[in-house]
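Visitor: take this sequence and fold it.
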Amino acid sequence: MSALRRLRLDLTGALQGVGFRPFVYRLARSQELSGFVCNTGDGAAIEIEGRAPAVEGFVRRLEAELPPHAAVDRCRVVALAPKDDQNFVIAASVEADTSSAVVMPDLATCPHCLREVRDPADRRYLYPFTSCAHCGPRYSVIEALPYDRARTTMRHFPMCAECQVEYADPEHRRFHAEPIACPRCGPQLALWDATGQPIATRHTALLGAAEALRRGRIVALKGLGGFQLIVDATNEAAVSRLRVRKQRPRKPFALMLPSMEEAEVAAHIGEAERRLLVSAAAPIVVLRARSGGVGIAPSVAPDNPCWGIMLPYTPLHHLLLDELECPVVATSGNRGDEPIVTGETEALERLAGVADCFLVHDRPIRRAVDDSVVRVMAGREVVLRRARGYSTGPVLGVARADVAGPILALGGQQKNALAMGSRDKLFLGPHIGDLAAAWTRRAFTRQAAELPRLYGIKPAVVACDTHPDYHSTRAAMGFGLDLARVPHHLAHVLSGMIDNGLDAPVLGVAWDGTGYGGDGTIWGGEFLAVDAGRFRRVASLWPFRLPGGEAAVREPRRAALGALYALFGEAALALAGLPPVAAFAPSERALLATMLSRGVNAPLTSSAGRLFDAVAAILGLCQMSSFEGEAAMAVEFAAERASNTVRLPPAILREKMRRLVVDWRLLMRVLVRERMAGTAPEPLAAALHEGLTEAIVDVARRVGLRRVVLTGGCFQNALLTERTVGALRAAGFEPYWHKCIPPNDGGLAAGQVAFAARPLIEEAV
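Guide: Have a look, this model is predicted:
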């Protein structure tokens, strides 16, 4: 008989809140081993003791049979002296001053729990807070690490005897499932009127909310990570009313459909999209709508061929849609660009005049988390808004170099999200929002304090954008820590490199709407060469002026006048046959001409996003934007509708002070001439995409770096991304685009962490 052997395994990774300890317990018992497993500040610790073959079998099976949502990042194995334990147990968690454990995101309802909720014979029948070790709240309820019930908001709900039995049963899927609850001991629903007065409780509250929706009312529903505003998606009057009250004129609303079958009737769904819809993350997936759809109101997504669709991801959503049997709009519970509301008192204040009634519950939401948005591009998912289902993970490697301590990165002004780097890892916080609103700034301040606190980490370095007027930049200066100011477009490129596991050298194509340039202009059409320890701006788009500065971001017609002025000079203001020129009164055109000729309140920009805006206005697609990206989306959608093509001359690469400039003026001049001659917008929009794609390939050829990273908000455009990826591959390059980190400003903080960890020196031009 072989001698006893004892090993200790210290593991890091996604190990808490995924049923890992119960899995280890059952595995050890099956191998007839003694010892223990426990949560630690870094992940989990295991000690196993038994005969050598059994110990070796345990180690081999541990990685091969992990639970679905678990992941081991590192495993350190140490041999110990045998202790002659008699049993294997789940031991008390070990607290630590610092932590590198992964905080798991909230997980969509698993099939087992859904069957229980729909089974009249089950004790959890119609219970909207049913969960187990494989699903339910995680990030939104956690108060501290390690992850135990006592450190979540579920500590307010002592388990009843039946739940306690399940929690303690090694063979039950609720064995050590921290969010466990049932109708006897768990959270409960309530329906309030618009003033907060109770109307109904428990399942009657849900039935009352469903009836309100049938009558065209707007229901504020307290969900997993915050409130949602819900209306019947087939009721045009109700959807239009929501638009007015929410102050959201045209930006598409998200749809929640009862089932995958109904989603397939409503939209074209490929295999990748199908996997996303039914995944544990259950994000909003951008899908091409089918003509006719399922009776969806036109106001859900005006003039937009795509819908953002998700399936129910909590028992509460499943029960509500089971009762309604129709799709609903499920949009963030806020006004405009404010952060999502999480508390009942706050909801009554901030959603007053928006919601007609409130479907609430008494489980506190500790951490706000909105719905994630994902789009499939070039055959794989790209996260556009990183929130529920993705928050704080995955953990990615970050080279720390000579940085003295942990890094907190504060992101940018729009689509703000935070990140933290510590112990060679990157922790990504969820989407916060645009920092122009006071409520969003408060949420930003809260999360900037709570993200380090959650991991027990005290930042030594704070990283931010170089823009002096960003709220996040000003906040960084108030921390009193070493400050890393990161160039906006370099942060984009670094985030794309991290997302794809790339080291230098690479050519980064960073195209977006607005970014602070190092030369006093507004950048946004940049090509950055990143090499070991340094970077250089090797190319950019030909600059043009934006009359009115910030006003041009909201008015594509102004960007169009700036681009036209770059083509025709003052004669551009006389082209009254073009929509952006006709959109201004003669007196306004005279003022704008003065601004452009003198360069007064008309900054130069190399922005690809503003160039898309200009084309949208010239083609008559969009003169005034009601939300960021509206004009660029109109150009993308027009290009996709094109049934024929128009050939535009290519952009010309010019060399200026050791830097290439992509001169688009001849291309644009012909586009304007064709439009004035009556050519339809669609083929011209398609030709623009082709011209810009060719320009990217031409720059890549001149620079000579094989690996090309596509990043920035412009690469949310699926057509541009897919055509560029294809063209680069055909030309012999290796293109990379985003996956888990958003290509827009929601990914800036990740790049800021990378820069602070390993600063790059800008090469002089």
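
Visitor: any stretches of the chain with poor pLDDT?
Guide: By pLDDT under 70, the weakly predicted segments of the chain are 1-2, 96-101, 292-293, 392-405, 423, 765.

Visitor: the same query, at a cut-off of 50, please.
Guide: Low-confidence regions of the chain, defined here as pLDDT under 50, cover residues 394-395, 399-403.

Visitor: got the domain boundaries for it?
Guide: Here the domain assignment for the chain is 1-182, 189-271+303-370, 539-736, based on automatic domain parsing.

Visitor: Phe479 is nearest to which of those domains?
Guide: For the domains of the chain, distance to Phe479 was read as Cβ to Cβ. The smallest value, 18.6 Å, belongs to domain 1-182. C-beta here means a position set from N, CA and C on the backbone, and glycine is covered the same way.

Visitor: how about Ala572, nearest residue that isn't a chain neighbour?
Guide: Spatial nearest neighbour of Ala572, excluding adjacent residues (Cβ to Cβ, 6 or more residues apart in numbering): Leu564 at 3.7 Å.

Visitor: please apply the same query to Leu596.
Guide: Nearest to Leu596 is Tyr565, by Cβ to Cβ, 6+ apart, at 4.7 Å.

Visitor: go ahead and confirm the one you found touches Arg545.
Guide: Yes - with contact defined as Cβ atoms under 8 Å, Tyr565 and Arg545 form a contacting pair (6.5 Å).

Visitor: looking at these two, which one has more neighbours?
Guide: Shown here are Tyr565 and Arg545; by other Cβ atoms under 10 Å, Arg545 has more neighbours (26 against 22).

Visitor: report the contact partners of that one.
Guide: For Arg545, the contacting residues are Gly562, Tyr565, Ala566, Met595, Leu596, Gly599, Ala602, Pro603, Leu604, Thr605, by Cβ atoms under 8 Å, 6 or more residues apart in numbering.

Visitor: and if you look at Arg335?
Guide: Contacts of Arg335 (Cβ under 8 Å, 6+ apart): Lys246, Gln247, Arg350, Leu351, Val354.

Visitor: nearest to Leu276, of those?
Guide: Using Cβ to Cβ, these come closest to Leu276 at Lys246, 26.0 Å.

Visitor: which of the three states applies to the nearest residue to Glu763 once chain neighbours are set aside?
Guide: Nearest residue to Glu763, sequence neighbours excluded (Cβ to Cβ, 6+ apart): Arg536, at 4.1 Å. At Arg536 the chain is in strand, as set by DSSP: H, G, I helix; E, B strand; the rest coil.

Visitor: ok, Leu384 touching Asp745?
Guide: No - with contact defined as Cβ under 8 Å, Leu384 does not count as touching Asp745 (11.2 Å).

Visitor: which of those two has more residues huddled nearby?
Guide: Between Leu384 and Asp745, counted using other Cβ under 10 Å, Asp745 has the larger neighbour count: 27 against 24.

Visitor: any figure for the gap between Pro406 and Leu494?
Guide: From Pro406 across to Leu494, the span is 18 Å (Cβ to Cβ, to the nearest Å).

Visitor: comparing those two, which residue is more hemmed in?
Guide: Leu494 (34 against 22).

Visitor: convert the C-alpha atoms of the host helix or strand of that one to CSV, please.
Guide: Applying DSSP states H and E as the criterion places Leu494 in helix 488-499. Extracted in CSV, the C-alpha atoms of helix 488-499 (Å, rounded to 0.1, in the frame of the first residue of the first chain):
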residue,chain,number,x,y,z
HIS,A,488,-6.1,59.3,-25.3
HIS,A,489,-5.5,57.3,-28.5
LEU,A,490,-2.5,55.5,-27.1
ALA,A,491,-4.8,54.3,-24.4
HIS,A,492,-7.1,53.0,-27.1
VAL,A,493,-4.3,51.1,-28.8
LEU,A,494,-2.9,49.6,-25.6
SER,A,495,-6.4,48.4,-24.6
GLY,A,496,-6.7,46.7,-28.0
MET,A,497,-3.3,45.1,-27.4
ILE,A,498,-4.3,43.8,-24.0
ASP,A,499,-7.6,42.5,-25.3
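
Visitor: helix or strand right after that helix?
Guide: Following helix 488-499 toward the C-terminus (DSSP H and E): strand 506-516.

Visitor: buried stuff in the lengthiest helix in the chain?
Guide: Longest helix in the chain, counting residues (DSSP state H): helix 681-703. Residues 681-700, 703 are the ones in helix 681-703 that count as buried (16 or more other Cβ atoms under 10 Å).

Visitor: centre of the chain to the following helix or strand past that helix, how far?
Guide: Using DSSP H and E, the helix or strand that follows helix 681-703 towards the C-terminus is strand 707-711. On the basis of Cα atoms, centre = their mean, to the nearest Å, strand 707-711 sits 19 Å off its chain's mean C-alpha point.

Visitor: direction included, what does strand 707-711 pair against?
Guide: Partner strands and pairing direction for strand 707-711 (DSSP bridges) are strand 506-516 (parallel), strand 734-736 (parallel).

Visitor: tell me the most buried of those strands?
Guide: Neighbour counts (mean count of other Cβ atoms under 10 Å) averaged over each of these peak at strand 506-516, with a mean of 27.

Visitor: got the angle for that strand vs helix 681-703?
Guide: Between strand 506-516 and helix 681-703, the angle comes out at 120 degrees (axes from the mean of the first three to the mean of the last three Cα atoms, to 10 degrees).

Visitor: compute the inter-axis angle for strand 506-516 and helix 488-499.
Guide: Using the same axes, to 10 degrees: strand 506-516 against helix 488-499 is 140 degrees.

Visitor: with only the CA atoms kept, save strand 506-516 in CSV.
Guide: Output of strand 506-516 as CSV, limited to C-alpha atoms (Å, rounded to 0.1, in the frame of the first residue of the first chain):
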residue,chain,number,x,y,z
VAL,A,506,2.1,46.8,-33.6
LEU,A,507,0.5,49.5,-35.7
GLY,A,508,-2.6,50.9,-33.9
VAL,A,509,-5.4,52.4,-35.9
ALA,A,510,-7.2,54.6,-33.4
TRP,A,511,-10.3,56.1,-34.9
ASP,A,512,-12.9,57.9,-32.8
GLY,A,513,-14.9,61.1,-32.4
THR,A,514,-12.8,63.2,-30.1
GLY,A,515,-9.5,62.9,-28.3
TYR,A,516,-7.0,65.4,-26.9
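
Visitor: what element comes up after that strand heading to the C-terminus?
Guide: In N-to-C order, the element after strand 506-516 by DSSP H and E is strand 522-531.

Visitor: name the residues of that next one that come out as buried.
Guide: Ile522, Trp523, Gly524, Gly525, Glu526, Phe527, Leu528, Ala529, Val530.

Visitor: nearest to Asn304 among these?
Guide: Gly524 (23.7 Å).

Visitor: mind listing what the closest residue to the closest one other than its chain neighbours touches?
Guide: Nearest residue to Gly524, sequence neighbours excluded (Cβ to Cβ, 6+ apart): Ser607, at 2.8 Å. When contacts are counted by Cβ under 8 Å, 6+ apart, Ser607 touches Asp512, Gly513, Thr514, Gly515, Ile522, Trp523, Gly524, Gly525, Leu541.
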